[in-house]
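Participant: Build me a model:
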Amino acid sequence: MWESLNQYIDPEDASYSDARRGALAHLGDYAAQIVGPLNLRPRAAALHSSSNTRIEARISTASSHILLVLAPEGDLAAEVAWLRALNSTTLPVPRLIAHDLSLSAIPFSYAIESYISGAPLDWVAEAPRVRVLARQVGRTLRRSHQ
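Facilitator: Numbers count the residues shown, from 1 in each chain. Have a look, this model is predicted:
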């Protein structure tokens, strides 16, 4: 299962940084090393998204999904701090399961978060739905500031 996450990227492809290319080449190995000790019994794993600053792999268990987030360039310190601060709220944010910002396990900082499904706002084309979603985002933002 983990081997399917390893992605070969052509070295001539200039849209990929060396760090991103290296992280994708060993993504399955890193996922096995990080997720394995958690005893989550994963059933499937897939690359969710990838950029030079963030790589996300969705890992499915029998009852839920988690997101493994790697930062090939930079770190996840701000995201980890934000998720910790919001952990005790009832806001619809991912729950932080584990993280390592010290680069001691793998050569990149990583976080494991609960997976929250949905679609980006820019995928919504109908104006009435955009207004409804904007109000929901505004309410959530107001609650987070309280």
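Participant: residue boundaries of the strands in this structure?
Facilitator: 44-50, 55-60, 65-71, 96-100, 109-114 (DSSP state E).
Participant: Pipe those into JSON lines and attach mean pLDDT and mean neighbour count per row.
Facilitator: All C-beta atoms are positioned from the backbone trio N, CA, C, and that covers glycine. Below are the strands of the chain laid out as JSON lines (pLDDT from 0 to 100; neighbours: other C-beta atoms under 10 Å):
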{"stretch": "strand 44-50", "mean pLDDT": "94", "mean neighbour count": "15"}
{"stretch": "strand 55-60", "mean pLDDT": "96", "mean neighbour count": "21"}
{"stretch": "strand 65-71", "mean pLDDT": "95", "mean neighbour count": "21"}
{"stretch": "strand 96-100", "mean pLDDT": "93", "mean neighbour count": "17"}
{"stretch": "strand 109-114", "mean pLDDT": "95", "mean neighbour count": "21"}
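Participant: out of those strands, which comes closest to E12?
Facilitator: In terms of C-beta to C-beta, the element of the strands of the chain nearest to E12 is strand 44-50, at 17.6 Å.
Participant: Any chance of the strands of the chain in TSV with distance to S88 as columns?
Facilitator: Shown next, in TSV, are these (distance: least, C-beta to C-beta, whole Å):
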stretch	distance to S88
strand 44-50	26
strand 55-60	25
strand 65-71	20
strand 96-100	12
strand 109-114	15
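Participant: Which of those strands sits closest to D10?
Facilitator: With C-beta to C-beta, the closest approach to D10 among the strands of the chain belongs to strand 44-50: 14.4 Å.
Participant: Among the strands of the chain, which comes closest to P128?
Facilitator: With C-beta to C-beta as the measure, strand 44-50 is the member of the strands of the chain nearest P128 (28.0 Å).
Participant: Show me the contact partners of the closest one.
Facilitator: Surrounding strand 44-50, the residues in contact under the criterion C-beta atoms under 8 Å, 6 or more residues apart in numbering are 1-2, 4-5, 7, 20, 24, 27-28, 31, 55-60, 67.
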